[in-house]
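**Q** Quick one, fold the following:
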Amino acid sequence: MQWKLRDIVVASVLAVVAGAIYLGWDIIFKFVPSSVNPVLLALFNGLWWIAAGIVPYIVRRPGAALLAEAVGGLIEFLLGSPYGIQAFTIGIAQGLGVEVGFALGGWKRYGWGFMLLATALGGIGNYVYSYFYYGVNDYSAALQTGYLVASMVSGAILAGALSKLVGDALRRTGVLRNFAIAKEQAHAS
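**A** The predicted model follows:
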């Protein structure tokens with residue numbers, strides 16, 4: 001379970017790429033009118049913690065989700081996110097949520113169920129952070145519940161399912177043969 005240099009390098013590279021994606025998502029979301037229902041918008045939140053899904057799925061190390069989101073959020077901030085330093089701090093909250101999910105599986109379970117569960121929990125991190133810093137506390141109880149559920153569903157799909165599909169596709173190419181994702185598959189065969 002110890003981190004190797006290649007794990008750190010790949011985790012960092014993927015997190016930097018995710019940070020750039022997050023900035024693009026930030027820019028798109030700045031054009032969405034404030035009149036759009038926040039529950040509808042929450043269905044797209046999960047993309048902001050895709051690094052917390054793909055990095056642990058590939059490297060299979062404790063702390064990978066948190067590291068990935070911290071680095072991704074920092075890059076998003078450094079590239080000029082309109083959300084400022086909050087791009088970094090909400091990333092930590094989302095990464096912590098996902099990390100809890102992988103911890104529940106002892107950082108050894110990466111099948112469909114655990115990928116969807118772990119990344120859905122990033123939605124709880126998003127909700128808690130957004131409650132205190134983005135005005136979710138001003139929503140009605142029903143709207144808050146809808147926001148939380150939509151964020152969790154979005155996390156499961158955009159950060160979980162998408163990460164698993166991309167990770168599996170990369171594994172099949174052979175580029176991940178030296179990583180835990182490929183070694184686990186080799187033992188299963």
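**Q** quick one: the residue most central in space within the chain and Gly111, what's the gap?
**A** Of all residues in the chain, the one closest to the mean position by CA atoms, centre = their mean is Trp49, 2.2 Å from it. For Trp49, the distance to Gly111 equals 19 Å [CB to CB, to the nearest Å]. From N, CA and C alone the C-beta is placed, and that goes for glycine too.
**Q** Give me the local confidence score for the residue nearest to the centre of the chain.
**A** Trp49 is assigned 97 on the pLDDT scale.
**Q** before we move on, what about the one 5 residues further on?
**A** Looking at Ile54, its pLDDT stands at 98.
**Q** what about it, which SS state?
**A** helix (DSSP: H, G, I helix; E, B strand; the rest coil).
**Q** Burial check on it, number of neighbours?
**A** Using other CB atoms under 10 Å as the criterion, Ile54 is surrounded by 28 other residues.
**Q** right, and it touches Val166 too?
**A** Yes. With contact defined as CB atoms under 8 Å, Ile54 reaches Val166; the gap is 6.2 Å.
**Q** where does Gln2 land on pLDDT?
**A** 89.
**Q** next one: phi and psi at it?
**A** phi -80, psi 150 (degrees, to the nearest 10).
**Q** Which residues are in contact with it?
**A** Listed by CB atoms under 8 Å, 6 or more residues apart in numbering, the contact set of Gln2 reads Arg61.
**Q** From Val59, how far off is it?
**A** Taken as CB to CB, the span from Gln2 to Val59 is 11 Å.
**Q** got it, and Ala11?
**A** 6 Å.
**Q** got it, and Ala87?
**A** 23 Å.
**Q** By mean pLDDT, flag the weakest helix or strand of the chain.
**A** helix 180-188 (a mean of 70; mean pLDDT, DSSP states H and E).
**Q** Reduced to three states, what does Ser34 come out as?
**A** Note that with three-state DSSP, the state of Ser34 is coil.
**Q** Quick check: pLDDT value at it.
**A** So Ser34 comes in at 84 (pLDDT).
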